[in-house]
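Colleague: have a look at this prediction, sequence included:
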Amino acid sequence: MKHSRLDAKVHESQNLLAQVLGQLRAEFDLPLDFPPAVIAEAEQAVSGQVLPAPDLTGLPFVTIDPPGSTDLDQAMYLERAEARYRVWYATADVPSFVVPGSALDAETRRRGQTLYVPDGRIPLHPEIISEDAGSLLPGRGRAAFVWEFGLDPEAAVQSVALGRATVRSQAKLSYAEVQQDIDSGEAPEYLLLLKEIGLKRLELERRRGGASLNIPDQEIAHDGRHYFIVSSPPLPVEDWNAQISLMTGMAAAQLMIEAGVGILRTLPAPDAGAGAHFRRQTRALDHPWAEDVPYGEYLRGLDASDPKHLALLHAAASLFRGAGYTAFDGRIPEDKLQSAIAAPYAHTTAPLRRLVDRFVLVICEAHCAGTEVPQWARDALPELPRLMAASDQLAARVDRAAFDAVQAALLSHRVGEVFDAVVISGSRPGNGHPAGNGNNGGSSNGGSGNGNGPAGTIQLRSPAATGRCYGVLEPGTPVRARLIEADIAARAIRFEHDGAVP
């Protein structure tokens, strides 16, 4: 009987969750279906597309993506050239489908990027492009912008070429199967080279002072009946694959800087105040950040499985604020670095899912060909930073709302239970709200917490969830926390401190 009541509660919470998630589209005024004129233009573009004359279908390109992905932006092939390397990197030729000034062009500018919601995705382009004719699906000839990189023995870029060509992916691979093949030693050479080149590119990143936050990935999954959150550290192959994408974005930035026309993805260096505050936090958590150690090097040494290090990784997010887009035409911007990468950088490898990449590809191709940048691309530059900033903000808000709702549903039948957790941000009496994550603070009713006392943010060990917790909390401390509220409709969960873990 007890199990049947629990099952009924779980079923009820999942039904309410489905309603709440379904309301996100209306709440955030998310785009609905594409207008008929846009669909008609997309169909016409697909039926009239002529594949580029340069034929690279003989190169065994492959894609590496999460399982189930159908909007495949990139394919790669890596080969050894004596003691050096050659990297072929194909990117979906989205510009061939979008006529400047068309209804499709206007609609993609309105959307900005593909949005992901738990009950589906809201694509940037009609599916006939994003998941069919424009996607680098295996076994099909596709138009692509193909980058050709010549790398030296340390995997530093020595030469860059870019042009349109016809390619054919040989296989759609997942990260897990590529990792398994590499670890077993049975992977083909081009995948073994992904590891070899990826590790060398990571070393180059370390030398130039680049950084990344290795916080375990969290994503919402659905098993056909229930939504839940999956938390897992990224596989090594994901880092190696990301290094090829980063290399391409850095090359694109350099090409545009040389051309004097383009748009960069920029991130200011941490200001003195943020850096000093983070140093104090590292000392308080017994893992001080030495003055002579670059912050990228310091962050690489943190282990997310250590509670204190996990708190520091979350706190380090304060060093990565202020990312934006910087457009230029004629005058090179003074602030052109993406400070986390420690180099100029541009978004260029995901044109099916991100608006700005379409323009970057066209600008870079013109520079490589020695031709003028198309006027339609130049005319769009002043507007692109605003469009991308708006879509980035919307995507972040939707993502946060979805996670908060799923977390509340996961815990809605467990109010009153005590969980093992780690404090990832905290506050002392009189300090008010914590300096860290502010999610799940929407309600102030119920339980003993009244919203006015000291509080912090905790991360549960199981299930994967973060929430507001009332009590005097020290970041990096393992604690026990009692759940006092899990409100699906309000997308709020709250805890109260129930003592330190013995």
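Modeller: Noted; the coordinates are in hand.

Colleague: and the lengthiest strand in the chain, what's buried?
Modeller: Longest strand in the chain by number of residues (criterion: DSSP state E): strand 157-174. Neighbour counts over strand 157-174 (16 or more other CB atoms under 10 Å) mark 157, 160, 162, 164-170, 172-174 as buried. Where C-beta positions appear, they are placed from N, C-alpha and C, glycine not excepted.

Colleague: between these, which is closest to residue 410?
Modeller: residue 174 (25.8 Å; CB to CB).

Colleague: right, and that closest one touches residue 72 too?
Modeller: No: the criterion here is CB atoms under 8 Å, and residue 174 misses it with residue 72 at 11.9 Å.

Colleague: endpoints of stretch 132-139, how far apart?
Modeller: End-to-end distance for stretch 132-139: 12 Å, by CA to CA, to the nearest Å.

Colleague: in that stretch, what's buried?
Modeller: Using 16+ other CB under 10 Å as the test for burial, stretch 132-139 gives 133-137.

Colleague: farthest pair within those residues?
Modeller: Farthest pair in the buried residues of stretch 132-139, by CB to CB: 133 and 136, 10.7 Å.

Colleague: can I get the buried residues of strand 157-174 in TSV with distance to residue 246 and pLDDT?
Modeller: Shown next, in TSV, are these (distance: CB to CB, whole Å; pLDDT from 0 to 100):
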residue	distance to residue 246	pLDDT
157	11	98
160	14	98
162	16	98
164	23	98
165	23	98
166	26	98
167	21	98
168	26	98
169	21	98
170	24	97
172	22	97
173	20	97
174	21	95
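
Colleague: okay, among these, which ones form the most distant pair?
Modeller: Pairwise distances across these (CB to CB) peak at 28.9 Å, for the pair 160 and 174.

Colleague: closest one to residue 305 out of the buried residues of strand 157-174, please.
Modeller: For these, the residue nearest residue 305 by CB to CB is residue 174; the value is 24.4 Å.

Colleague: bridged to the nearest residue to residue 464 once chain neighbours are set aside, which residues?
Modeller: Using CB to CB, 6 or more residues apart in numbering and skipping the chain neighbours, the partner closest in space to residue 464 is residue 231 (3.4 Å). Using DSSP bridges, the bridge partners assigned to residue 231 are residue 218.

Colleague: now residue 231: how far from residue 91?
Modeller: Taking CB to CB, to the nearest Å as the measure, residue 231 falls 30 Å from residue 91.

Colleague: flag the shaky bits of the stretch 1-150 of the chain, pLDDT-wise.
Modeller: The model of the stretch 1-150 of the chain has pLDDT under 70 over residues 1-11.

Colleague: now do the helices in it.
Modeller: Remark: helices assigned in the stretch 1-150 of the chain by DSSP state H, counting those that start in this stretch are 2-27, 36-48, 103-111, 127-128.

Colleague: could you name every residue contacting both of residue 174 and residue 72?
Modeller: Taking CB atoms under 8 Å, 6 or more residues apart in numbering as the contact rule, residue 174 and residue 72 both touch residue 65.

Colleague: shaky segments in the stretch 351-500 of the chain?
Modeller: Looking at the stretch 351-500 of the chain by pLDDT under 70, you get 427-452.

Colleague: do a quick rundown of the helices in it.
Modeller: Counting by DSSP H, counting those that start in this stretch, one finds helices in the stretch 351-500 of the chain at the ranges 355-369, 375-380, 384-411.

Colleague: about what we covered before: and which of the buried residues of strand 157-174 is nearest residue 323?
Modeller: The closest of the buried residues of strand 157-174 to residue 323 turns out to be residue 157 (CB to CB; 23.5 Å).

Colleague: contact partners for that closest one?
Modeller: Listed by CB under 8 Å, 6+ apart, the contact set of residue 157 reads 149-151, 247, 250-251.

Colleague: I'd guessed residue 312 sits against residue 286; true?
Modeller: No: applying CB under 8 Å as the test, residue 312 and residue 286 come out as separate, 10.2 Å apart.

Colleague: neighbour-wise, which of those two wins?
Modeller: Comparing residue 312 with residue 286 by neighbour count (other CB atoms under 10 Å), the higher total belongs to residue 312, at 25 against 8.

Colleague: kindly format the C-alpha coordinates of the host helix or strand of that one as CSV.
Modeller: For residue 312, the enclosing helix or strand under DSSP states H and E is helix 307-315. Taking Å, rounded to 0.1, in the frame of the first residue of the first chain, the C-alpha atoms of helix 307-315 are listed here in CSV:
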residue,chain,number,x,y,z
PRO,A,307,33.8,18.8,-1.8
LYS,A,308,36.0,21.8,-1.3
HIS,A,309,37.3,21.8,-4.8
LEU,A,310,33.7,21.5,-6.1
ALA,A,311,32.8,24.6,-4.1
LEU,A,312,35.8,26.4,-5.7
LEU,A,313,34.8,25.4,-9.2
HIS,A,314,31.4,26.9,-8.6
ALA,A,315,32.9,30.0,-7.1
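
Colleague: what about the helix or strand following it, distance to the chain center?
Modeller: Sequence order places strand 324-329 as the next helix or strand after helix 307-315, per DSSP H and E. Mean-position distance between strand 324-329 and its chain equals 20 Å (CA atoms, centre = their mean, to the nearest Å).

Colleague: when you give positions from now on, start the count at 56
Modeller: Will do, 56 is the new start, and the previous item becomes strand 379-384.

Colleague: how about strand 379-384, which residues are buried there?
Modeller: Neighbour count says strand 379-384 has 380-384 buried, by 16+ other CB under 10 Å.

Colleague: nearest to residue 511 among these?
Modeller: Checking these against residue 511 by CB to CB gives residue 380 as the nearest, at 33.6 Å.

Colleague: surely the closest one meets residue 321?
Modeller: Yes: the pair residue 380 / residue 321 is scored as a contact, 7.0 Å apart, by CB under 8 Å.

Colleague: just to revisit the earlier point, neighbour count for residue 286 and residue 146, which is higher?
Modeller: residue 146 (27 against 15).

Colleague: burial count for residue 134?
Modeller: Using other CB under 10 Å, residue 134 has 14 neighbouring residues.

Colleague: kindly report the same for residue 302.
Modeller: By other CB under 10 Å, 26 other residues sit near residue 302.

Colleague: hang on, it packs against residue 204?
Modeller: Yes: the pair formed by residue 302 and residue 204 meets the contact definition of CB under 8 Å, at 6.9 Å.

Colleague: right, and residue 554 touches residue 534 too?
Modeller: Yes: at 7.0 Å, residue 554 and residue 534 qualify as touching, with contact defined as CB under 8 Å.

Colleague: neighbour count: those two, which is higher?
Modeller: Neighbour count, other CB under 10 Å: between residue 554 and residue 534, residue 534 has more, with 24 against 11.

Colleague: circling back to that earlier point, identify the contacts common to residue 367 and residue 341.
Modeller: Shared contacts of residue 367 and residue 341, defined by CB under 8 Å, 6+ apart, are absent.
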